[in-house]
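**Student:** sequence below, structure please.
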Amino acid sequence: MPATSAAIHLNGLTIQPGERVLTRLVISKLPSGTVIDVPVHVLRAQEPGPTLLLMGGMHGDEVNGIETIRRLVRRELLAPLRGTVIAIPILNIYGFLNFSRDVPDGKDVNRSFPGFPRGSLAGRVAHRFMREIMPLIDYGIDFHTGGAARSNFPQVRALLGIDPAVDAMAAAFGAPFTLHAGLRGGSLREAAQELGKRIIVYETGESLRLDEPGIEEAVAGTLRVLHHLGMGPEAPAPARPGIICRRHTWLRARFAGLFRAHVENGQFIEKGQIYGSVADPYGAQSVRLESPLSGYVIGLNYMPVVNQGDALLHLAVPA
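**Tutor:** Here you go, the predicted structure:
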């Protein structure tokens, strides 16, 4: 397991073992001249150990990860016994200020890694992270939230079966569901994988809405990962065994209209079970929707007005 005992250098600072520092990475300025900076908490133990990244707000409207890290900091749960914790509650300050997933240039930071210092704004944010933060870390948890009106049941996503250390970290987190998820081009996980860094993603809830059970799952899972890495005390075990799913797919609307779900997030449904209906808004017809597979509902669309092709229900098949 990687160990860091010497001083580390971040944002022009030299941070020694045993120190706790809050620094701010200046990213750019708004057209008004207001400086946009990213607060970064660095908490170091005296004893050497790995460095764990906790990051929220990659997408500015995904508030559950932001609240998770805020609670961990506020409750003083991130004082490592060994090694270093780097906690970034909000990476995409622009999106946070504008209730938006993206930065003002319309690009997704999580499709812009490893970035470019003279590229788009999203690319510049990614590049600054890669230059300042990525070289310091060994492991990471990237906290995310479902999209607008699409709620994710608490779940970890990781590239399973490739790196035993990633599998072990995902298992230690103990989310209700752990999904095998391939790497997406330009994502933080892809950039980390190429550098030998181990990062898992945690998802819960929907954008711009706090999901209390999912946030508490995230706090508990983070503490379990800290213990697994030898960085924190023993943490409470999950309330129930997690379910590993190597196959998962979104069921999409074949017709436009008003969608009503007949199932709940987290529920197991059988092949052929009616999971919802799509009706025209004038009362002329209604189409019942049958599940083509048996599996667990791990994501659900709460937007009643849907177009053809819209994602309605995310179904995961247990391994």
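**Student:** can you pull out the low-pLDDT segments for this protein?
**Tutor:** 1-5 (pLDDT under 70).
**Student:** after the longest helix that the chain contains comes which helix or strand?
**Tutor:** For the chain, the longest helix by residue count, based on DSSP state H, is helix 212-228. Next in sequence after helix 212-228, counting helices and strands by DSSP states H and E, comes strand 243-252.
**Student:** what residues does that next one touch?
**Tutor:** Among residues not part of strand 243-252, those counted as contacts by C-beta atoms under 8 Å, 6 or more residues apart in numbering are 160, 176-180, 275, 289, 291-293, 295-296, 298-299, 309-319. C-betas here are computed from N, CA, C, even on glycine.
**Student:** show me what counts as buried in that strand.
**Tutor:** Across strand 243-252, burial judged by 16 or more other C-beta atoms under 10 Å covers 243, 244, 245, 248, 251.
**Student:** partner strands of it, with direction?
**Tutor:** Taking DSSP bridges as the criterion, strand 243-252 forms sheet pairs with strand 177-180 (parallel), strand 311-318 (antiparallel).
**Student:** take those and lay them out in CSV including distance to residue 73 and mean neighbour count.
**Tutor:** What follows is the strands paired with strand 243-252, written out as CSV (distance: least, C-beta to C-beta, whole Å; neighbours: other C-beta atoms under 10 Å):
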stretch, distance to residue 73, mean neighbour count
strand 177-180, 26, 22
strand 311-318, 31, 20
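**Student:** in TSV: those strands, plus distance to residue 303.
**Tutor:** Converted to TSV, these look like this (distance: least, C-beta to C-beta, whole Å):
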stretch	distance to residue 303
strand 177-180	22
strand 311-318	9
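**Student:** enumerate every residue touching residue 62.
**Tutor:** Counted by C-beta under 8 Å, 6+ apart, residue 62 has contacts 56, 101, 143, 144, 145, 207.
**Student:** sorry, slip of the keys, the one I care about is residue 281.
**Tutor:** With C-beta under 8 Å, 6+ apart, residue 281 has these contacts: 257, 258.
**Student:** helix/strand/coil for it?
**Tutor:** For residue 281, the assignment made with DSSP: H, G, I helix; E, B strand; the rest coil gives coil.
**Student:** and it, how far is that from residue 275?
**Tutor:** Distance of residue 281 to residue 275, given as C-beta to C-beta, to the nearest Å: 21 Å.
**Student:** kindly report the same for residue 182.
**Tutor:** Distance, residue 182 to residue 275, by C-beta to C-beta: 25 Å.
**Student:** so those two - more neighbours on which side?
**Tutor:** Set residue 182 next to residue 275 and count neighbours by other C-beta atoms under 10 Å: residue 275 wins out with 20 against 9.
**Student:** confirm that the more buried one sits in a strand.
**Tutor:** Yes. Assigned with three-state DSSP, residue 275 falls within a strand.
**Student:** and the longest helix of the chain, which residues are buried?
**Tutor:** Of all the residues in helix 212-228, those buried under the rule 16+ other C-beta under 10 Å are 214-215, 217-228.
**Student:** restrict that helix to CA atoms and write it as PDB.
**Tutor:** Extracted C-alpha coordinates of helix 212-228, given in PDB (Å, rounded to 0.1, in the frame of the first residue of the first chain):
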ATOM      1  CA  GLU A 212     -30.900  12.100   3.400                       C
ATOM      2  CA  PRO A 213     -30.600   8.200   3.400                       C
ATOM      3  CA  GLY A 214     -28.200   8.300   0.600                       C
ATOM      4  CA  ILE A 215     -26.000  11.000   2.200                       C
ATOM      5  CA  GLU A 216     -25.800   9.000   5.500                       C
ATOM      6  CA  GLU A 217     -24.900   5.900   3.400                       C
ATOM      7  CA  ALA A 218     -22.100   7.900   1.800                       C
ATOM      8  CA  VAL A 219     -20.800   9.100   5.200                       C
ATOM      9  CA  ALA A 220     -20.800   5.600   6.600                       C
ATOM     10  CA  GLY A 221     -19.300   4.100   3.500                       C
ATOM     11  CA  THR A 222     -16.400   6.600   3.500                       C
ATOM     12  CA  LEU A 223     -15.600   5.800   7.100                       C
ATOM     13  CA  ARG A 224     -15.500   2.100   6.200                       C
ATOM     14  CA  VAL A 225     -13.100   2.900   3.300                       C
ATOM     15  CA  LEU A 226     -10.900   4.800   5.700                       C
ATOM     16  CA  HIS A 227     -10.800   1.800   8.000                       C
ATOM     17  CA  HIS A 228     -10.100  -0.600   5.100                       C
END
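**Student:** what does that helix rub up against?
**Tutor:** Here helix 212-228 has contacts from 52, 54, 64-65, 67-68, 71-72, 77, 80, 85, 139, 141, 143, 152-154, 156, 168-169, 172-176, 202, 204-205, 232-238, using C-beta under 8 Å, 6+ apart.
**Student:** which SS state does residue 210 fall under?
**Tutor:** Secondary structure assignment for residue 210 (three-state DSSP): coil.
**Student:** count the neighbours of the closest residue to residue 60 other than its chain neighbours for me.
**Tutor:** Nearest residue to residue 60, sequence neighbours excluded (C-beta to C-beta, 6 or more residues apart in numbering): residue 95, at 2.0 Å. Using other C-beta under 10 Å, residue 95 has 24 other residues around it.
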